[in-house]
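**Student:** Show me the folded form of this:
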Amino acid sequence: MKFILNGSALFAPAAALGLAAVLTTSCGYFAPAIDPPWLDGLHNTLSAREKADGWRLLWDGTTTAGWRSARGDYFPDKSWTIKDGEFSVVSSGNAEAQAGGDIITRERFSNFELTADFKCTPGCNSGIKIFVQPNLDPVTGEGKATGTGSAIGLEYQILDDDLHPDAKLGRDGDRKLGALYDLVPAGPNKHPNPVGEWNHARIISRGRHVEHWLNGEKILEYDRGSQAFRAAVALSKFKNIPGFGEWADGHILLQEHGSAVSFRDIKLRLLPAN
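**Tutor:** Residues are numbered from 1 along each chain as shown. Sure, this is the predicted structure:
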């Protein structure tokens, strides 16, 4: 199944698990580890197979190493907590990046496969962003960053679709869980676990091509800079940001949007550009 925007294919969710299986076995860089540590109740660790396949932990499970505020070279002194192997942002209302603010990786990435578990609370709103540009104004995309607002990037939306009002905004569900926020909705094969349970996100970025996966199923894909992508940007809240989403590289971001959300098992491996 393909979804068409302005005459161009925008994304194509996998029609069945069989197709997903073909994609994961035909290209080596898609293949997940076959012996993940969580099968033994271990989290924030790497198996021997994962290490051999080039995976690394983006979060070590106990410290803030490798992460900083999107606003500067420090880690926020509020909103974020580390407990029992979970990296959590606490509830502080529903304002976007108004308390401790977003956190980003100290490194920048371009071609990679990223996985993370996330757990929502009722009415939650958060996200995982890639290609984040923290030094640009989040409204105009120019000049310097401001003290408020979430940093610019391509967002894998994390949302309670049943209770949060954002699920009814945007176009065709492009602000619901798993969507490329305000740009591309997730496909009909999306099968999230209930709020309060862990879900598994996977983002693949290789060249201009990006994929969103949820709980083992590919739910959307798109090509940065394509005609369809630019058409979606032109209809979005990012329409006035020059070259939105087409940057060569950027940080990875965990969003603080005033809702309580937890993360764990945040892992990444670099991919070849082609």
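**Student:** Now do the strands in the stretch 1-150 of the chain.
**Tutor:** 3-5, 8-11, 56-57, 67-69, 80-83, 86-89, 103-105, 112-120, 125-133 (DSSP state E, counting those that start in this stretch).
**Student:** now for the fifth one, which elements pack on it?
**Tutor:** In terms of contacts (3 or more Cβ pairs under 8 Å, 6 or more residues apart in numbering; DSSP states H and E), strand 80-83 is packed against strand 86-89. For every residue, glycine as well, the C-beta is placed using N, CA and C.
**Student:** Walk me through which strands the strand it packs on pairs with, and which way each runs.
**Tutor:** strand 80-83 (antiparallel), strand 261-270 (antiparallel) (DSSP bridges).
**Student:** what would the ones you listed look like in CSV with mean pLDDT, mean neighbour count and distance to A186?
**Tutor:** Compiled in CSV, the strands paired with strand 86-89 are given as follows (pLDDT from 0 to 100; neighbours: other Cβ atoms under 10 Å; distance: least, Cβ to Cβ, whole Å):
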stretch, mean pLDDT, mean neighbour count, distance to A186
strand 80-83, 94, 14, 27
strand 261-270, 97, 21, 18
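**Student:** Same list, those, but as CSV with distance to R108 please.
**Tutor:** As requested, the strands paired with strand 86-89 are arranged in CSV below (distance: least, Cβ to Cβ, whole Å):
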stretch, distance to R108
strand 80-83, 21
strand 261-270, 12
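**Student:** Mind checking those strands for the one nearest to T121?
**Tutor:** Closest of these to T121 is strand 261-270, at 6.8 Å (criterion: Cβ to Cβ).
**Student:** for the stretch 101-250 of the chain, what spans make up the helices?
**Tutor:** 227-234 (DSSP state H, counting those that start in this stretch).
**Student:** So what pairs up with the nearest residue to R56 once chain neighbours are set aside in the strands?
**Tutor:** Distances taken as Cβ to Cβ, 6 or more residues apart in numbering place L268 nearest to R56, at 6.0 Å, with adjacent residues excluded. For L268, the beta-bridge partners are R56, L114 (DSSP bridges).
**Student:** L268 is in contact with G54, isn't it?
**Tutor:** No - L268 is beyond contact range of G54, at 9.3 Å (criterion: Cβ atoms under 8 Å).
**Student:** contacting residues around the residue lying closest to L57 once chain neighbours are set aside?
**Tutor:** Leaving aside its chain neighbours, L57 sits nearest to K267 (5.9 Å; criterion: Cβ to Cβ, 6+ apart). Listed by Cβ atoms under 8 Å, 6 or more residues apart in numbering, the contact partners of K267 are L46, E50, W55, R56, L57, L58, L114, T115, A116.
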